[in-house]
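K.L.:
here is a sequence together with a model predicted from it:
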Amino acid sequence: MTDVPPRESVVSKLFRSEQGGHEQVVLCQDRASGLRAVIALHSTALGPGLGGTRFFPYPSDDAAVEDALNLARGMSYKNALAGLDHGGGKGVIIGDPATDKTPELLRAYGRFVATLGGRYVTACDVGTYVADMDVVATENPWTTGRSPQNGGAGDSSVLTAYGVFQGMRASARTLWGEPTLAGRRVGIAGIGKVGHHLVEHLLADGATVVVTDVRAEAVAAVCERHPGVEVADGTGALIRAGLDVYAPCALGGALNDDTVPVLTATVVCGAANNQLAHPGVEKDLADRGILYAPDYVVNAGGVIQVADELHGFDFDRARAKAAKIYDTTLAIFERAAADGIPPAAAADRLAEQRMADRTPAESWLRPTVA
Ligand SMILES: NC(=O)c1ccc[n+]([C@@H]2O[C@H](COP(=O)([O-])OP(=O)(O)OC[C@H]3O[C@@H](n4cnc5c(N)ncnc54)[C@H](O)[C@@H]3O)[C@@H](O)[C@H]2O)c1
C-alpha cells in the first residue's frame with residue numbers, strides 16, 4: 001500500500017481532462033519509413049481541427065502523446081478566438097528532425113493525415129518547414145503552410161507580427177484611451193521573423209523601439225535598416241529600460257517569478273507562445289497593474305494565414321481577418337474587467353463560450369480545398 005496517488009494515465013487525460021477531454025487520438029506507425037506519430041483532435045465543434053505538426057525527439061512515447069494532447073487543446077482555444085471555423089488539432093512526429101526526417105517519412109505521415117478525411121488540417125510547427133509541408137501535401141489536400149509555388153501562403157510571420165501589433169493597439173486603447181503606440185516606448189525581445197516585422201509597424205505608428213536578441217547579426221540588420229532603434233544588452237536590461245510595452249518575441253516562459261517583479265512596462269503583448277511560465281503568473285501581472293494581452297490571442301495571425309490557404313490563399317482577405325485581433329483583444333479586456341479576472345482567464349472563457357455556442361457545421365465534413 002502507498003499514500004502516493006496513482007499518476008493519471010495519458011488515456012485518462014484523453015477522456016477526462018478538465019476541458020472535457022479530446023475527441024480522437026490517432027497513433028501512426030509506418031515501419032518502412034520509421035514514422036511514429038500522434039495526431040490529436042481536441043475539438044471539431046467549430047470545424048476541422050487545425051494545427052501544425054511538431055517534429056521533436058521526445059524522451060518517451062507517452063511524452064509525445066501528452067504534448068499532442070496539450071497542443072491540440074491549445075489550438076481549439078486559439079482557433080476559436082481567431083474567429084476561424086476550425087477546431088483544434090495537432091500532430092507530433094517522434095524523432096530528431098535533423099537525422100530522422102526523410103521524404104518517405106513525411107509522405108507516410110501525409111497518408112495518415114489523409115485517413116482522417118479532412119477532420120485534421122496540418123501546417124508547420126517546431127521542426128517542420130514550408131518545404132516539408134510541400135512533401136506532406138503530395139499525399140492529401142488537407143496540408144497548409146505550403147510554399148507559394150504549391151498553392152501555399154509561405155512565411156506566416158508577416159501576419160503574425162501584424163496581429164501582435166493589433167493586440168498592442170487594443171492594449172493602448174484600453175490603458176491610455178487611444179489605439180496607437182505613438183509616443184510610447186516599446187521593447188522587443190527577439191527580432192527574428194516576427195520581431196523584425198513588428199519593429200516596422202511600431203516605427204510607422206510613431207513609437208520608440210528598443211530591441212534585444214541573442215543573435216548579434218539580427219540586431220545589426222535591424223539597426224542598419226532603422227538607425228533610430230535602440231539596443232538593450234539582453235532581456236534583463238530590456239525589461240528594466242523604462243518601457244511602456246514589453247513584447248516577448250523569442251521563447252516561451254518570458255513571464256516568470258524573476259521577470260514579472262522587475263517589469264517596467266504596463267503592457268505585455270508579444271508573439272512568443274506560452275509566455276506565462278506557470279499558472280498564477282497572470283494574476284501576478286494583474287496585481288502589479290500590468291495589462292497582459294494573452295499570447296495565443298495576439299499571435300493568431302499565422303494560423304489565420306494558413307487557414308486561408310484552404311480557400312486559395314488571398315493575402316488581403318487573411319490580413320482583414322488578422323485585423324480583427326484588435327476587436328478580440330478589446331473584448332477580452334472588457335470581459336476581464338467585467339468578471340474581475342485576469343485577461344488570460346477571460347480569453348479562455350470567451351473561447352469556451354464560442355465552442356459551446358456552435359454545433360459542427362455539416363459543410364466542414366467535406367471541406368472545399370483549392
Ligand atoms: N512565426 C510565426 O508565424 C509565429 C506564429 C505564432 C507564434 N510564434 C512565436 O513567436 C516567437 C518568435 O517566432 P519567430 O518565427 O520570429 O522565431 P525566430 O526563430 O525567427 O525568432 C526568434 C528570435 O529570438 C531570438 N532569441 C532566442 N532566444 C533569445 C533570448 N533569450 N533573448 C533574446 N532573443 C532571443 C532568436 O535569436 C531569434 O532571432 C516564437 O515563440 C514562436 O513560437 C511565431
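P.N.:
Good, I have the coordinates.
K.L.:
gap between the residue in the chain that the ligand sits nearest to and A108?
P.N.:
The chain approaches the ligand most closely through G192 (1.8 Å), counting by C-beta to the nearest ligand atom. In short, each C-beta sits where N, CA and C put it, glycine included. Noted for G192: a distance of 31 Å to A108, by C-beta to C-beta, to the nearest Å.
K.L.:
higher neighbour count, those two?
P.N.:
A108 (22 against 14; other C-beta atoms under 10 Å).
K.L.:
quick check: phi and psi at the nearest residue to that one once chain neighbours are set aside.
P.N.:
Using C-beta to C-beta, 6 or more residues apart in numbering and skipping the chain neighbours, the partner closest in space to A108 is D30 (3.8 Å). According to degrees, to the nearest 10, the main-chain angles of D30 amount to phi -130, psi 110.
K.L.:
burial count for D30?
P.N.:
16.
K.L.:
repeat for the one 3 residues further on
P.N.:
Look at S33: counted by other C-beta under 10 Å, it has 16 neighbours.
K.L.:
go on, T143?
P.N.:
For T143, the count of nearby residues is 31 (other C-beta under 10 Å).
K.L.:
follow-up on the earlier one: mind listing what the residue nearest to A108 touches?
P.N.:
D30 is in contact with L105, A108, Y109, R111, F112, counting by C-beta atoms under 8 Å, 6 or more residues apart in numbering.
K.L.:
list the buried residues in the helix or strand harbouring the fourth one.
P.N.:
What it means is R111. Using DSSP states H and E, R111 maps to helix 103-115. By 16 or more other C-beta atoms under 10 Å, the buried positions in helix 103-115 come out as L105, L106, R107, A108, Y109, G110, F112, V113, A114.
K.L.:
swap in stretch 120-129?
P.N.:
Neighbour count says stretch 120-129 has Y120, V121, T122, A123, C124, D125, G127, T128 buried, by 16+ other C-beta under 10 Å.
K.L.:
next one: that stretch to chain centre, how far?
P.N.:
Chain-centre distance of stretch 120-129: 12 Å, with C-alpha atoms, centre = their mean, to the nearest Å.
K.L.:
so does it get close to the ligand?
P.N.:
No: Stretch 120-129 does not reach the ligand (C-beta under 6 Å from any ligand atom); its nearest approach is 7.4 Å.
K.L.:
average pLDDT across that stretch?
P.N.:
The pLDDT scores in stretch 120-129 average 94.
K.L.:
on that earlier part again, now pLDDT and distance to the ligand too, for the contacts of D30, in TSV please.
P.N.:
As requested, the contacts of D30 are arranged in TSV below (pLDDT from 0 to 100; distance: C-beta to the nearest ligand atom, whole Å):
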residue	pLDDT	distance to the ligand
L105	98	23
A108	98	26
Y109	98	21
R111	98	27
F112	98	24
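K.L.:
could those go into JSON lines alongside distance to R54?
P.N.:
Shown next, in JSON lines, are those (distance: C-beta to C-beta, whole Å):
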{"residue": "L105", "distance to R54": "14"}
{"residue": "A108", "distance to R54": "16"}
{"residue": "Y109", "distance to R54": "12"}
{"residue": "R111", "distance to R54": "19"}
{"residue": "F112", "distance to R54": "15"}
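K.L.:
closest one of the residues you listed to A247?
P.N.:
Comparing the contacts of D30 against A247 with C-beta to C-beta places Y109 closest, at 34.0 Å.
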